[in-house]
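Enquirer: Just a sequence and a predicted model for now, questions to come.
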Amino acid sequence: MAVALLQNRLEEVDKEFKKTEAELLATGERFGSNPQDAVVKFKHGRLIAALARQDAHRRHLVEQLAKVAVAEVRAAAGLGYLDVGSAAVCGGAAAGAGAGDTSAGGCPGLAATQQPPARVWGARRQEPVTRRRRTKAPGPELRRVATPLAPEPAPAAAARPPQPSPQPQPPPQPPPPPQPQPPPQPADVRAAPSRVLLVFHEGQARQGSEGFVADGTCDGVECVMKLLGPNPSGLAAHARELAAYAALEPLQGRQVPELRAWGDIRWGVRFLALRRLDGAQPLSRLPRPLPPGVAAAALAALEAVQAACPRFVHGDVRLSNFMWVGPEGAAAEEAGGAEEEEALQPQPNPDQDSVSAPEPDSQQPEPGPERAAAGSGDGGGGGGAPGSGAARLRCVLLDFGRSRLDGDASQQQREREQLRGLLAAAQQEQEEEETDSEEEETEEETESEGEEEGLGEEEV
């Protein structure tokens with residue numbers, strides 16, 4: 001109800017805005033032809049002020065409508081179920097989408113809708129009007145022409161020229177056999193965008209950079225749903241996200257998340273359903289110093305994305321936008337679990353290593369080869385032992401709401417340098433903490449020694 005009232009009020013303000021704008025244009029022409037007319041000058045200024053007030057009022061209504069729409073979506077998500085219409089589904093054999101090419105393992109119809117049209121507030125939907133063309137009734141002249149004339153008398157038989165003998169007609173050719181029709185392609189049988197069912201988990205929602213982020217399922221698949229709009233900034237972020245996922249389609253599920261579905265919900269709010277990464281953690285929450293190979297994997301993910309789209313610029317390089325997934329493959333499932341837990345734990349002190357007993361070689365890999373493999377992103381660990389887990393580390397790049405597809409090589413180089421600086425700063429944080437702790441321990445030891453000396457002097 002609140003959304004409908006705000007939309008009606010927005011339509012009224014939009015009509016007033018257009019009317020004032022038309023009056024301002026007419027008055028501007030008169031003011032330009034006669035700038036000395038005080039009456040026209042006063043009316044021109046008054047119309048400019050009124051137009052500014054109406055524009056501010058319209059912007060305020062758009063913001064209020066966006067807030068109410070998002071609140072309605074949150075309320076619907078709080079109930080648990082939300083049936084989504086006009087949604088394009090990506091991946092799977094039964095996925096439906098709009099017009100566009102379908103590539104193997106990709107997102108059908110995504111390239112054809114990289115820039116979805118933004119909703120124009122206050123614009124009425126214009127239905128096509130079918131008009132019947134009225135035809136004039138035939139007049140007496142037309143009826144007279146249409147009346148058949150009387151047949152002329154036949155001439156004499158002698159005056160007739162000899163008629164040529166009829167030629168024998170060739171026998172009719174048999175009809176060609178029917179050609180077998182090729183089987184219909186998937187692109188020909190695709191219907192309108194299908195409907196998906198979004199289920200939001202209670203108590204797992206948060207505010208994102210440009211919209212609302214909620215955890216749940218999309219047709220039974222665990223996903224992270226991003227709700228964007230209906231404000232202009234949210235719709236623009238949604239368009240940039242779709243364009244980025246279309247350009248990086250070969251990397252979905254590897255260096256970028258897998259896009260499961262996208263479309264419109266209600267009230268102008270649009271969504272993106274991204275498959276959840278199991279066991280992933282952002283680099284900003286990992287213990288310091290970072291586990292071996294994580295920095296190289298983050299740089300490798302950014303370089304892979306830039307190589308897939310030569311003009312891609314992320315626009316928001318932060319450690320929180322890089323997810324550490326951990327070891328991969330069957331060997332990683334067998335022997336990488338203990339290594340992953342060990343990598344997430346803070347690095348032990350040398351003094352504690354000398355006291356604690358060493359673990360067997362089957363559970364604890366040698367530090368030399370692992371750290372050597374962590375020096376590069378691809379690491380030369382393709383045919384190595386299961387202990388070389390740095391070659392199987394993987395990072396995933398997130399959040400393309402501020403990305404661009406028209407950048408250049410200098411901007412990509414700047415982002416790589418920015419990421420290297422963030423990773424180096426994360427390593428320095430642990431060193432500074434260790435230095436501070438050592439200084440505090442030294443001060444405590446100095447104070448304790450001074451107190452012992454003072455007690456000895458008093459006893460003497």
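Expert: Perfect, thanks for sending it. Numbering: from 1, shown residues only.
Enquirer: Rounded mean pLDDT for the longest strand anywhere in the chain, please.
Expert: What stands out as the longest strand in the chain, according to DSSP state E, is strand 196-207. The average pLDDT within strand 196-207 is 80.
Enquirer: Given it, what are its sheet partners and their directions?
Expert: Neighbouring strands of strand 196-207 in its sheet, by DSSP bridges, are strand 81-84 (antiparallel), strand 211-218 (antiparallel).
Enquirer: Tell me which residues of it come out buried.
Expert: 196, 198-200, 205 (16 or more other C-beta atoms under 10 Å). C-beta coordinates here come from the backbone N, C-alpha and C atoms, glycine included.
Enquirer: Serialize those residues to CSV and add fields for distance to Gly293.
Expert: Output for the buried residues of strand 196-207, formatted as CSV (distance: C-beta to C-beta, whole Å):
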residue, distance to Gly293
Val196, 37
Leu198, 36
Val199, 36
Phe200, 35
Ala205, 33
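Enquirer: quick one: which of these is nearest Asn34?
Expert: Distance to Asn34 across the buried residues of strand 196-207 (C-beta to C-beta) is lowest for Ala205, with 60.5 Å.
Enquirer: Identify the bridge partners of that closest one.
Expert: Ala214.
Enquirer: Would you confirm that it contacts Val224?
Expert: No: the pair Ala205 / Val224 is not scored as a contact, 10.7 Å apart, by C-beta atoms under 8 Å.
Enquirer: Find residues that contact each of these two.
Expert: 213-215 (C-beta atoms under 8 Å, 6 or more residues apart in numbering).
Enquirer: of those, closest to Ala296?
Expert: Val213 (28.6 Å).
Enquirer: what sits against that closest one?
Expert: 205-207, 224-227.
Enquirer: and it, how far is that from Leu242?
Expert: 17 Å (C-beta to C-beta, to the nearest Å).
Enquirer: what's the answer for Ala297, then?
Expert: Ala297 is 27 Å from Leu242, by C-beta to C-beta.
Enquirer: how many other residues sit next to Asp219?
Expert: Neighbour count for Asp219, taken as other C-beta atoms under 10 Å: 19.
Enquirer: isn't it right next to Ser194, touching?
Expert: No: using C-beta under 8 Å, Asp219 is not in contact with Ser194, being 9.5 Å away.
Enquirer: Of all the residues in the strand or helix carrying Glu23, which ones are buried?
Expert: If you go by DSSP states H and E, Glu23 is part of helix 2-33. Neighbour-count burial for helix 2-33, counted by 16+ other C-beta under 10 Å, picks out 3, 6-7, 9-10, 13-14, 17, 20, 24, 27, 31.
Enquirer: nearest to Gly293, of those?
Expert: Closest to Gly293, out of all of the buried residues of helix 2-33 and judged by C-beta to C-beta, is Val3, at 49.8 Å.
Enquirer: Of Ala297 and Leu242, which one has the most company?
Expert: Neighbour tally, Ala297 and Leu242, criterion other C-beta under 10 Å: the higher count belongs to Ala297, 28 against 23.
Enquirer: does the more buried one count as helix, strand or coil?
Expert: Put simply, Ala297 is helix when judged by DSSP: H, G, I helix; E, B strand; the rest coil.
Enquirer: ok, the buried residues of helix 2-33 vs Gln173, which is closest?
Expert: Using C-beta to C-beta, the buried residues of helix 2-33 come closest to Gln173 at Gln7, 66.3 Å.
Enquirer: Leaving out chain neighbours, which residue sits closest to that closest one?
Expert: In space, and not counting its chain neighbours, Gln7 is closest to Leu65: 6.8 Å by C-beta to C-beta, 6 or more residues apart in numbering.
Enquirer: try Val313
Expert: Gly407 (3.3 Å).
Enquirer: The one you found is in contact with Phe312, isn't it?
Expert: Yes: the criterion here is C-beta under 8 Å, and Gly407 meets it with Phe312 at 6.6 Å.
Enquirer: So the two - more neighbours on which side?
Expert: Phe312 (24 against 19).
Enquirer: And that one, what's its pLDDT?
Expert: pLDDT, Phe312: 96.
Enquirer: Would you check that it makes contact with Asp406?
Expert: No: taking contacts as C-beta under 8 Å, Phe312 lies outside contact range of Asp406: 9.3 Å.
Enquirer: Surely Glu222 is in contact with Arg276?
Expert: Yes: Glu222 lies in contact with Arg276 (C-beta under 8 Å); the separation is 4.4 Å.
Enquirer: hey, what's in contact with both of those two?
Expert: Joint contacts of Glu222 and Arg276 (C-beta under 8 Å, 6+ apart) are Asp215.
Enquirer: Low-confidence regions, the stretch 101-250 of the chain specifically.
Expert: Applying pLDDT under 70 to the stretch 101-250 of the chain flags the ranges 101-168, 178-193, 204.
Enquirer: wait, I meant the stretch 251-400 of the chain
Expert: 327-392.
Enquirer: Tell me which stretches of it form helices.
Expert: Ranges of helices within the stretch 251-400 of the chain are 294-308, 329-344, 350-355, 367-373, based on DSSP state H, counting those that start in this stretch.
Enquirer: State the helix or strand in which the residue nearest to Gln7 lies.
Expert: helix 38-79.
Enquirer: That helix packs against which elements?
Expert: helix 2-33, strand 196-207, strand 211-218 (3 or more C-beta pairs under 8 Å, 6 or more residues apart in numbering; DSSP states H and E).
Enquirer: what's the angle between that helix and strand 196-207?
Expert: Put simply, helix 38-79 runs at 110 degrees to strand 196-207, going by axes from the mean of the first three to the mean of the last three C-alpha atoms, to 10 degrees.
Enquirer: what about helix 38-79, average pLDDT?
Expert: 74.
Enquirer: List the contacts of Thr226.
Expert: In this structure residue 226 is Lys, not Thr. Here Lys226 is in contact with 208, 211-213, 241, 271-272, 274 (C-beta under 8 Å, 6+ apart).
Enquirer: Buried members of these into PyMOL, please.
Expert: Per 16+ other C-beta under 10 Å, the buried members of these correspond to this PyMOL selection:
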select buried, resi 208+211+212+213+241+271+272+274
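Enquirer: does Ile48 really touch Glu21, like I thought?
Expert: No: applying C-beta under 8 Å as the test, Ile48 and Glu21 come out as separate, 10.5 Å apart.
Enquirer: first vs last residue of stretch 254-265, how far apart are they?
Expert: One end of stretch 254-265 sits 28 Å from the other (C-alpha to C-alpha, to the nearest Å).
Enquirer: residues in contact with Leu248?
Expert: Here Leu248 is in contact with 255-256, 305, 308-309, 312 (C-beta under 8 Å, 6+ apart).
Enquirer: Would you mind giving these as TSV with distance to Ala56 added?
Expert: Shown next, in TSV, are the contacts of Leu248 (distance: C-beta to C-beta, whole Å):
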residue	distance to Ala56
Gln255	44
Val256	40
Val305	41
Ala308	44
Cys309	39
Phe312	37
